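after the sequence you'll find the predicted model.
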2 protein chains.
Amino acid sequence: MAIHNVVDQMDVKEAYNCWLQYRKVDNDKLFQLYFKSVAAVSNSLIIQSVIQELELAFHSMYGKGPDISQQIHEQTTLILATYQDIKLADYGLNGDIFQEINDEGYVIKSSKNGDKEAILLIGKTDKGVLYATHHLLRLIQTGETLKELNILESPRNKIRMINQWDNMNGSIERGYAGKSIFYENNKITSNMERIKDYARLLSSVGVNAISINNVNVWKVETNLITNVLLPDVAKIADILRAYGIKTFLSINFASPIEIGDLTTADPLDNDVKQWWKQKVEEIYRYIPDFGGFVVKADSEHRPGPFSYNRNHADGANLLGEALQPFNGIVIWRCFVYNCMQDWRDRSTDRARAAYDHFKPLDGHFLDNVILQIKNGPMDFQVREPVSPLFGALESTNQVLEFQITQEYLGQQRDLCYLVPMWKEVLEFDTYSKGAGSTVKTIVDGSLFSSKISGIASVSNIGNDVNWTGHTLAQANLFGYGRLIWNPDLAAEEISREWIQLTFGNDETVIEQINHMLLDSWGIYENYTTPLGIGWMVNPNHHYGPNVDGYEYSRWGTYHFADRDGIGVDRTMETGTGYTGQYFSPNKEMFNSLDTCPDELLLFFHHVPYTHTLKSGETVIQHYYNSHFKGVEQVEELIARWILLEDKIDSYRFHNVLERLKMQLKNAKEWRDQVNTYFYRKSGIPDEKNRKIY
Amino acid sequence: MAIHNVVDQMDVKEAYNCWLQYRKVDNDKLFQLYFKSVAAVSNSLIIQSVIQELELAFHSMYGKGPDISQQIHEQTTLILATYQDIKLADYGLNGDIFQEINDEGYVIKSSKNGDKEAILLIGKTDKGVLYATHHLLRLIQTGETLKELNILESPRNKIRMINQWDNMNGSIERGYAGKSIFYENNKITSNMERIKDYARLLSSVGVNAISINNVNVWKVETNLITNVLLPDVAKIADILRAYGIKTFLSINFASPIEIGDLTTADPLDNDVKQWWKQKVEEIYRYIPDFGGFVVKADSEHRPGPFSYNRNHADGANLLGEALQPFNGIVIWRCFVYNCMQDWRDRSTDRARAAYDHFKPLDGHFLDNVILQIKNGPMDFQVREPVSPLFGALESTNQVLEFQITQEYLGQQRDLCYLVPMWKEVLEFDTYSKGAGSTVKTIVDGSLFSSKISGIASVSNIGNDVNWTGHTLAQANLFGYGRLIWNPDLAAEEISREWIQLTFGNDETVIEQINHMLLDSWGIYENYTTPLGIGWMVNPNHHYGPNVDGYEYSRWGTYHFADRDGIGVDRTMETGTGYTGQYFSPNKEMFNSLDTCPDELLLFFHHVPYTHTLKSGETVIQHYYNSHFKGVEQVEELIARWILLEDKIDSYRFHNVLERLKMQLKNAKEWRDQVNTYFYRKSGIPDEKNRKIY
């Protein structure tokens, strides 16, 4: 019962347990009916974890554990098994349905064991059993009926991954919830219980892969693939494996030089190839099911194939070749752009970079190489168009990259529920093979029949007692897992489920928090950078407003506001031509001022402040309105939360309240700086004559 | 011969030796005539240093040392003595002239010893002998005649001080020339030779006091006044004493709590008073001639009397009382302002703060308390009016604070010779007692018959081989010492002398470098923030342009540029009333747009971009013009320097060349960002149609 070992103070237990509260269920009849006697027919490391979790959950919910045996007795009412370990016909199941689901899918079915009612949790493999178990536990916790269950589930995305941006000194790049749970003092932690609890949380929502170190691989982390540190990495992998999660490492492309004794890391050099082959063999001796490598190369000063006049395919294939014998994969990030841009240079457009670099290489990558593409062309802003690389790579494996950690989205001080944003990305129609070529059908592999694909995301957790700093930010980790398992789930379904699991089934609680979550992205956009312009943040740490913070920088992130107007002209006729990277009709839609959606207007067009939006407001008035409104909306969030004081434990209530107050302060600062900046620049007063400084 | 111990590589020797080159003099006759036989009649620790310096200098200049005795022989041609140790009449000197000079003054006189020509260096005290010796060495090195010398010199300012902003971890706040020479790894350095060489440099230009730790006194440095560290502080004081320099420490006002066992630091609390008395007694046991304390209190989050609802006089007098029995002094900084200002609040004006805080306390300070006042009301910007506190405090001891380290003036990457700026400050007429009430007469104590007063400045040195990062920045340390010794020296006299001592007497070298130095402040102003507006720098590190960098900050440093105009209204009628802090006619001059000097226009007035300056240009056109011109002028600096390639040793030549190239890059960045910013905001094109981005 790891969870109680790590945090046994009652007052923070709820914060720590996240959505695995296993809140007391006042229904002993249910226990007697279904859970008193369990048969775990199959056996494996993962099934052992399932049994542990069941015992923990039942003890917590019913105050007692089930009898568990490997055989099905006449008393047995809950049966766990893989589909090959049980006579399906005995329980009214047709084996054919397991052809419809993939290796991680499962069936939950109400049936009979003799004359007793019974529930079957049947996985295609043991991982399916694990996921089925969590499905059942969710049903119990949300108070759903357990009668006549007939559930068939299968994850839509093959790779469902988390990227930790943890450094071995214990810091986390863009981490807002404390220190790393994986490392301290340049060593791998000895606190494996916390990692185990993280694995429980991740597996409960279906995550099946994790890279455990920052994509920026510094000196110490380069050594993770040496025999000094591999034994410790293997310890982590052992834990994760028991929860169906594969371990990946981010590697330094210059490793052959830095930890080998080569003088080059040229991907076409035979010694380099040989070095990587031996290195991979060594890794697999420690971790037989090692997932593979994540690579950030030739980006923001990280080394890569460009140093040797090779391209990204050369670089990625080098590693792919070494990993192939072990079924390992290479995840190669497409976040490549010129981070030394001269702000004076208006012809270079960072938004174009990923497409320009990788489109020409389509089809040149090995089968076990996957390109990881950020959802937007820039960098996780509050609103970006979908990256035009989606749909453009027909013959290349792809992983979509989201960022759960709220780098540009309030840093877990401000509330921002991200599932609605992710939904929009997944539903976006690229038209690459005509209508219906949505992003979700690309990353689930169906559109281009990709061999492997999926979704990865930067984690938002650290060693804060509640994992995520802001307790409500737990919803993003949960929601991420649930959404990438099934992209057809609605944002609201996910949030409701999360609230129930996390805070219980009180209708006021559900309603108020649901409102808060579903409004939050829009609110954050309102008081920060509406109309798609992005940035305007303080450099380096990225929290709080600074309208010109990146305007004269080398990062390629400009708004070009002058006394007359604002926005980036990315049209084909007069701009950077970025719109041309999309398929028709998106190309034309974004390219034309008439059809470009308001919320992305300034991403694609430079317009006068007096330009009239489809909403009827002018751009400048919209800026004033949305900034005033955003602050009012944060005040409303606080009012909603305060209603729940008696319904939520003190620790979590005050944690969220304190964050909401920080958010209000931040929102006011955004409102006043942005309004003042644009009023000073445009000279156009607010129609409603509100206070602008 | 310390200098050669520390740096014995020939190629950096010149860089290290600064203005104490003691370059070979091709004139053996001179040596034979004057320096073969020296009598050092007086004896003291300082006289020992003088003898060491003479031996070093003569060996270096003539390849041989003098015979030195304490008695005057018939061979003696150079006589060193205090005026009481020698029969003045024997050498044609009237003792009365020593009544005209103060304790640190001296006479240099050509005379006869029997039938031989002789030179006398007669000090009022041994410190006078030291300063006289350096005066003589300068005459030799600059090739001046040694005939018929009849020099009477006396320093105008009593306190001639350097403030080190060194931290014990080895860093230097606002240091641009390497690490501290005083500390490393939270200990006092064991490299006393370098400190000795620093003492030689300082004493050679008359500096007589130094505070050896940062005015921001952090945890470790608080312990400098404990018996753990005082023995090491005493070692430093021993070295400095031999060069006539008194040691001061910056202290933490909260010391009674942090290193004592008191629960308060309230200046009116008897236990606190007692604690400081005992502490001071302890310090003087280690350092019998300890100078006293430097205190930054209630400023930028440092503790102070405000915590106990006491005022600055209470705080300063507490320490003054403790130091009085030992003739120690308290130097209490007036850099006090609200560093948590809300940018929305236009009524608060940081420029007013020092006057508002300290003017009401005039006359409330003990005799041995000195207020240290920055030259301008803000913080060492490229151009500020003189602080209105000068002249306003008639009954309070004052020290003027300059900053040699180029925090806002190019950080010793850009060239900026500061003596012309300091001259303007010293010559400024405050009119506090009618015309002629210049700042220099206030700080030299003459205007208000102050008991003690003088000038202090933040050092610009570190452990870089050339001490100052930019070799030409050595001129600022030299110039500071020479100017505060005699504020009537012209900036050009000082620079010429420095060039000759540093690079020799080649006329091309003198002419070109002199041009560079004398132009440099104006050039820096041209490409950064002309017309007195200041700031517009990158936050925190303060290098490079960022027009809005401090515009929405809490530091009280705003330009208020909007689409129509720019500047801070500090008038009495419509502004913050800051102009009212000056005496007439300065008050009226600054207050009126008609009479306010162009170079300070935007400090005092908010004007339209189209406002016409006295020069005939509009403000906006002046901004464009000066920024384009500034860059051209930096190119000219480079051209001048390149002319000297054959005339200057390689190390120093390339050090300066490299810095000039950095400066050019910086200047272009300033030009383009500032011009673009104001063009975008004003919409007014450059009349000359030059490139604005």
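Thanks, I have the structure now.

what number of residues lie near the residue of the stretch 251-400 of chain A found nearest chain B?
Residue of the stretch 251-400 of chain A nearest chain B, by C-beta to the nearest C-beta: residue A:344 (4.4 Å). C-beta coordinates here come from the backbone N, C-alpha and C atoms, glycine included. As a burial measure, residue A:344 scores 14 neighbours (other C-beta atoms under 10 Å in any protein chain shown).

residue contacts, it?
Residue A:344 makes contact with B:672, B:676, B:693, according to C-beta atoms under 8 Å, 6 or more residues apart in numbering or on different chains.

from these, which land in helices?
B:672, B:676 (DSSP state H).

Produce a ChimeraX select command limited to the buried residues of the contacts of residue A:344.
Filtering those down to the buried ones (16 or more other C-beta atoms under 10 Å in any protein chain shown) takes a single ChimeraX command:
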select /B:672,676
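
report pLDDT for the residue of the stretch 251-400 of chain A closest to chain B.
pLDDT recorded at residue A:344 is 96.

which of the contacts of residue A:344 sits closest to residue B:573?
Residue B:573 has its nearest neighbour among those in residue B:676, at 33.9 Å by C-beta to C-beta.

ok, that closest one to residue B:88 distance?
Distance, residue B:676 to residue B:88, by C-beta to C-beta, to the nearest Å: 69 Å.

for residue A:466, same thing?
85 Å.

before we move on, which element is the residue nearest to the spatial centre of chain A in?
Central residue of chain A (C-alpha atoms, centre = their mean): residue A:457, 3.4 Å from the mean position. Assigned by DSSP states H and E, residue A:457 belongs to strand A:454-458.

who in chain A is up against chain B?
Within chain A, the positions near chain B by C-beta under 8 Å from any C-beta of the partner chain are A:343-344, A:346, A:545-548, A:552, A:561-564, A:672-673, A:676-677, A:679-683, A:693.

do I have it right that residue A:330 meets residue A:319?
Yes - counting by C-beta atoms under 8 Å, residue A:330 does reach residue A:319; the two are 4.5 Å apart.

give the residues shared as contacts by the two.
Both residue A:330 and residue A:319 are contacted by A:293, A:295, A:369, under the criterion C-beta under 8 Å, 6+ apart.

which ones among these are found in strands?
Using DSSP state E, the members of those that fall in strands are A:293, A:295, A:369.

which parts of stretch A:580-591 are buried?
A:580-583, A:586-587, A:589-591.

what separates it from the chain centre, distance-wise?
27 Å (C-alpha atoms, centre = their mean, to the nearest Å).

which residues are contacting it?
Under C-beta under 8 Å, 6+ apart, the answer for stretch A:580-591 is A:352, A:355, A:359, A:385, A:388, A:391-392, A:429-432, A:437, A:570-573, A:579, A:595-597, A:600, A:604.

can we see that at 7 Å?
With contact meaning C-beta atoms under 7 Å, 6 or more residues apart in numbering or on different chains, stretch A:580-591 is reached by A:352, A:355, A:385, A:388, A:391, A:430-432, A:571-572, A:579, A:595-596, A:604.

how about those in JSON lines, adding neighbour count and distance to residue B:423?
Formatted as JSON lines, the contacts of stretch A:580-591 follow (neighbours: other C-beta atoms under 10 Å in any protein chain shown; distance: C-beta to C-beta, whole Å):
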{"residue": "A:352", "neighbour count": "19", "distance to residue B:423": "54"}
{"residue": "A:355", "neighbour count": "22", "distance to residue B:423": "60"}
{"residue": "A:385", "neighbour count": "26", "distance to residue B:423": "59"}
{"residue": "A:388", "neighbour count": "26", "distance to residue B:423": "62"}
{"residue": "A:391", "neighbour count": "26", "distance to residue B:423": "69"}
{"residue": "A:430", "neighbour count": "23", "distance to residue B:423": "69"}
{"residue": "A:431", "neighbour count": "17", "distance to residue B:423": "72"}
{"residue": "A:432", "neighbour count": "21", "distance to residue B:423": "71"}
{"residue": "A:571", "neighbour count": "20", "distance to residue B:423": "57"}
{"residue": "A:572", "neighbour count": "15", "distance to residue B:423": "60"}
{"residue": "A:579", "neighbour count": "25", "distance to residue B:423": "60"}
{"residue": "A:595", "neighbour count": "12", "distance to residue B:423": "65"}
{"residue": "A:596", "neighbour count": "24", "distance to residue B:423": "60"}
{"residue": "A:604", "neighbour count": "26", "distance to residue B:423": "56"}
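
want to throw the residues you listed into TSV with pLDDT?
As requested, the contacts of stretch A:580-591 are exported to TSV (pLDDT from 0 to 100):
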residue	pLDDT
A:352	97
A:355	96
A:385	98
A:388	98
A:391	97
A:430	98
A:431	98
A:432	98
A:571	98
A:572	98
A:579	98
A:595	98
A:596	98
A:604	98
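
show me the residues of chain A next to chain B that map onto strands.
Among these, no member lies in strands (by DSSP E).

now list the buried members of those residues.
A:343, A:545-548, A:552, A:561-563, A:672-673, A:676-677, A:679-682.

lowest-pLDDT helix or strand in chain A?
When the helices and strands of chain A are scored by mean pLDDT, DSSP states H and E, helix A:2-6 comes last with a mean of 45.

so, low pLDDT: which residues of the stretch 1-150 of chain A?
For the stretch 1-150 of chain A, the stretches flagged by pLDDT under 70 are A:1-10.

distance check, the residue sitting furthest away from the middle of chain A against residue B:417.
For chain A, the residue at maximal distance from the C-alpha centroid (C-alpha atoms, centre = their mean) is residue A:115, at 45.0 Å. To residue B:417, residue A:115 is 102 Å away according to C-beta to C-beta.
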